[in-house]
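Chemist: This is a predicted model, with the sequence first.
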Amino acid sequence: EAGVTQFPSHSVIEKGQTVTLRCDPISGHDNLYWYRRVMGKEIKFLLHFVKESKQDESGMPNNRFLAERTGGTYSTLKVQPAELEDSGVYFCASSRERNTEAFFGQGTRLTVV
Amino acid sequence: QKEVEQNSGPLSVPEGAIASLNCTYSDRGSQSFFWYRQYSGKSPELIMSIYSNGDKEDGRFTAQLNKASQYVSLLIRDSQPSDSATYLCAARGGKSGAGSYQLTFGKGTKLSVIP
């Protein structure tokens, strides 16, 4: 069974540009989460999908971030326009049920210059 | 105020010894606790989950939970150099409504097992 996959693994963009990150959860996992780790800080929650619905987006930092999960399968996280403080590693995780273990992807390292 | 706290380390132990990793949490309503292992540049890998007070053993790993003290620990017996990684403690639950399913992480403890 394939794990959580994320694309790209690395992205370097200039301030003001747009970047879209993609996450493919484990097959059959209705719950999909986005997290972010900025340098020197702990991994922090961004949002939670149940199928195609946003269950909890309390961790989204501002309206420059847009997450979608059309069809309830893969998800995208778009940052537009990117700012320097958006640099970090963006992790995606999925779980079968809301209260079961979550499995993480390898992350996308985003660098905004 | 940090919600999940871990000693950042590094924690160095000799090969074959017991490594003890500790974590405290501030939200008394937290229900579930997880230990993830993360090698440099890799994804966090779930190694243990614990939901009730007491000990839970899985191979060389034992997780311990004390909800009264708001304390979680992970013991690694017969430590191996391959156990060298950053160990992340995470708590879930304790917030009402939709927020109950997000994980709150500590910064992680870096473990080095010396051959």
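Modeler: Alright, I've got the coordinates. Nothing here was measured: the structure is a model prediction, and the numbers come from that model.

Chemist: can we go C-alpha only for contacts and neighbour counts from here?
Modeler: Fine.

Chemist: Tell me which residue in chain A sits closest to chain B.
Modeler: Residue nearest to chain B within chain A (CA to the nearest CA): residue A:106, separated by 3.9 Å.

Chemist: Let me see the contact set for that residue.
Modeler: By CA atoms under 8 Å, 6 or more residues apart in numbering or on different chains, the contact set of residue A:106 is A:4-6, A:9, A:91, B:41-44.

Chemist: That one sits in which helix or strand?
Modeler: Here residue A:106, judged by DSSP states H and E, is contained in no helix and no strand.

Chemist: which residues does the spatially most central residue of chain A form a beta bridge with?
Modeler: Residue closest to the average C-alpha location in chain A (CA atoms, centre = their mean): residue A:34, at 3.5 Å. For residue A:34, the beta-bridge partners under DSSP bridges are residue A:47, residue A:92.

Chemist: so which helix or strand takes in residue 12?
Modeler: By default, I'm working from chain A. Element membership for residue A:12, per DSSP H and E: strand A:10-13.

Chemist: nope, chain B please
Modeler: Judged by DSSP H and E, residue B:12 forms part of strand B:11-14.

Chemist: buried set for that strand?
Modeler: B:11, B:13 (16 or more other CA atoms under 10 Å in any protein chain shown).

Chemist: And for stretch B:59-74?
Modeler: Across stretch B:59-74, burial judged by 16+ other CA under 10 Å covers B:61-65, B:67, B:70-74.

Chemist: which one of those is nearest chain A?
Modeler: residue B:63 (15.2 Å).

Chemist: Quick check: that closest one vs residue A:97, distance?
Modeler: 22 Å (CA to CA, to the nearest Å).

Chemist: any idea how far residue B:27 lies from residue B:3?
Modeler: Taking CA to CA as the measure, residue B:27 falls 7 Å from residue B:3.

Chemist: what about the two, which has more around it?
Modeler: Neighbour tally, residue B:27 and residue B:3, criterion other CA atoms under 10 Å in any protein chain shown: the higher count belongs to residue B:27, 16 against 13.

Chemist: Using the three-state scheme, assign that one.
Modeler: coil (DSSP: H, G, I helix; E, B strand; the rest coil).

Chemist: Surely it is in contact with residue B:33?
Modeler: No. Under the criterion of CA atoms under 8 Å, residue B:27 is not in contact with residue B:33, lying 11.9 Å apart.
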